[in-house]
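Visitor: Requesting a structural model of the entry that follows:
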Amino acid sequence: MRERSGLMLAELTTLRIGGPAKRLVEVDTEADLIDVVRECDARAEPVLVLGGGSNVVVADEGFDGTVVRVMTRGLDVDASASCAADDIAACGGIVVTAAAGELWDDLVTRAVAEGWTGIEALAGIPGAVGATPMQNVGAYGQDVAQTIWTVRTFDRVDARVRTFANADCGFRYRGSRFKGSDRYVILSVSYQLREGTLGAPVAYRELAGALGVELGERAPASEVRAAVLNLRHGKGMVLDPHDHDTWSAGSFFTNPVLEADVANRLPAQAPRWPQPDGRVKTSAAWLIEHAGFGRGYAGGHQGAASLSTKHTLALTNRGGASAADVLALAREIRAGVFDVFEVELANEPVLVGCSL
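Guide: Numbers count the residues shown, from 1 in each chain. Sure, this is the predicted structure:
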């Protein structure tokens, strides 16, 4: 466990913005993580639990409390695990338990190399394992709710360790019971994965096209991973310190899920994906572009912050941007989309000390 003070949180976030942390504690063990949080709670000190810093916007004023940087490591593989027919995988397989501080893409890379399938389409996503259940991280037709077995947490209200089964996590599109709440500190996540060389059925048209397969067909997991990385690189969604298009928090807005009557008011060419509950999901990127905000759009923000030149869902730091710059651009885009389509975009990153 290491303690530092005055560190600029811009150094720890992929957007490279954020003011100073009053106190920063780096923890390498689960016990230290629980102890630090418990001690802060005992003196009513604000706590920010930070993993890879890839899905967060921190205010320029920084954080007036303790930032706990989770750097726990460890991977446990249980090949003897079994599951009942009504569980998520409906089959046998293995359960892989990863510490919250493990890097997510390292886990995906290991899984593909070992012949563990079910998360191969989630390659290239930055951040730590602990963030994946919070956001129900997903891309290219997969999300972690499809494979998460359990989530082990420290409950700050009851001051005890609690484990949640998949069905108790409240998973939804880019959300869960853990998102928007400071109650639970995620300690580790267990994923139930199949064994084999073929990935899960391909459920995303763009990925299917890149692989040369039909929707619902399967392809080797290694090829799925490679295709996803190639697609993400083309959109500036794989971290590269030399590419300002990757100085972002990933997709800044979630795809809106609309009531059917609202979706019917959109132009005929707008993407529509019917949902099981009767609502309709549409594309935030399409709405942004067709509201007049093209790739690279910077508006009147002196170019410090702009939309990515590769993908309109990413708000990027072109070098020297502040949180205020990024948020001003986000507000302009959100207002513009609402003016044109009467659809309110919602931010995906967690906002710390700031708001839209």
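Visitor: At which residues are the strands of the stretch 201-350 of the chain located?
Guide: Remark: strands assigned in the stretch 201-350 of the chain by DSSP state E, counting those that start in this stretch are 257-258, 273-274, 280-281, 305-307, 315-317, 350-352.
Visitor: In this protein, where's the longest helix?
Guide: Counting residues, the longest helix found in the chain (DSSP state H) is helix 323-341.
Visitor: which stretches of the stretch 51-200 of the chain form helices?
Guide: Secondary structure of the stretch 51-200 of the chain (DSSP state H, counting those that start in this stretch): helices at 104-114, 131-135.
Visitor: Return the most buried member of those.
Guide: helix 131-135 (a mean of 27; mean count of other CB atoms under 10 Å). Just so you know, the C-beta spots here come from the backbone N, C-alpha and C atoms, and that holds for glycine as well.
Visitor: what's the closest non-adjacent residue to residue 197?
Guide: residue 220 (5.5 Å; CB to CB, 6 or more residues apart in numbering).
Visitor: got a list of what the one you found touches?
Guide: 197-199 (CB atoms under 8 Å, 6 or more residues apart in numbering).
Visitor: Rebuild those as a markdown table, extending it with distance to residue 261 and neighbour count.
Guide: What follows is those, written out as a markdown table (distance: CB to CB, whole Å; neighbours: other CB atoms under 10 Å):
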| residue | distance to residue 261 | neighbour count |
| --- | --- | --- |
| 197 | 46 | 13 |
| 198 | 41 | 16 |
| 199 | 37 | 25 |
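Visitor: out of those, who's nearest residue 101?
Guide: residue 199 (26.2 Å; CB to CB).
Visitor: Tell me who's in contact with the most centrally placed residue in the chain.
Guide: In the chain, the centroid-proximal residue (CA atoms, centre = their mean) is residue 137; its distance is 4.6 Å. By CB under 8 Å, 6+ apart, the residues touching residue 137 are 104, 122, 125, 127, 131, 143-144.
Visitor: for residue 340, same thing?
Guide: 287, 290-292.
Visitor: show me where pLDDT drops low in the stretch 251-356 of the chain?
Guide: For the stretch 251-356 of the chain, the stretches flagged by pLDDT under 70 are 301.
Visitor: Now do the same for the spatially closest residue to residue 219 that is not a sequence neighbour: its pLDDT.
Guide: Here the nearest residue to residue 219 in space, its sequence neighbours aside, is residue 211; by CB to CB, 6+ apart that works out to 4.8 Å. Note for residue 211: predicted pLDDT of 97.
Visitor: hang on, isn't residue 211 packed against residue 222?
Guide: No - at 11.4 Å, residue 211 does not count as touching residue 222 under the criterion of CB atoms under 8 Å.
Visitor: Who has more neighbours out of those two?
Guide: Neighbour count, other CB atoms under 10 Å: between residue 211 and residue 222, residue 211 has more, with 20 against 14.
Visitor: how near is residue 65 to residue 193?
Guide: Residue 65 is 37 Å from residue 193, where distance means CB to CB, to the nearest Å.
Visitor: Counting neighbours, go ahead and name the busier of those two.
Guide: residue 193 (23 against 16).
Visitor: bridging residues for the nearest residue to the more buried one once chain neighbours are set aside?
Guide: Once flanking residues are discounted, residue 193 sits nearest to residue 116: 4.0 Å by CB to CB, 6+ apart. Going by DSSP bridges, residue 116 is paired in beta bridges with residue 195.
Visitor: Going through the contacts of residue 340, which ones are buried?
Guide: The neighbour-count criterion (16 or more other CB atoms under 10 Å) marks 287, 290-291 among the contacts of residue 340 as buried.
Visitor: any chance of the residues you listed in JSON lines, plus distance to residue 258?
Guide: Putting the buried ones among the contacts of residue 340 into JSON lines (distance: CB to CB, whole Å) gives the following:
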{"residue": "287", "distance to residue 258": "11"}
{"residue": "290", "distance to residue 258": "15"}
{"residue": "291", "distance to residue 258": "15"}
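Visitor: For residue 343, find the nearest of the helices of the stretch 51-200 of the chain.
Guide: Per CB to CB, nearest to residue 343 of the helices of the stretch 51-200 of the chain: helix 131-135, 21.2 Å.
Visitor: Tell me who's in contact with the nearest residue to residue 320 once chain neighbours are set aside.
Guide: Nearest residue to residue 320, sequence neighbours excluded (CB to CB, 6+ apart): residue 304, at 5.3 Å. Contact analysis of residue 304 by CB under 8 Å, 6+ apart lists 298, 317-322, 325.
Visitor: Kindly report the same for residue 234.
Guide: residue 310.
Visitor: quick one: the residue in the chain sticking out farthest from the centre and residue 252, what's the gap?
Guide: Here the centre of the chain is the reference, and by CA atoms, centre = their mean the most remote residue is residue 43, at 30.7 Å. Between residue 43 and residue 252 the computed distance is 35 Å (CB to CB).
Visitor: what do you get for residue 60?
Guide: Residue 60 is 17 Å from residue 252, by CB to CB.
Visitor: Pick out whichever of the two has more residues nearby.
Guide: Legend: neighbour count by other CB under 10 Å for residue 60 and residue 252, higher for residue 252 (29 against 17).
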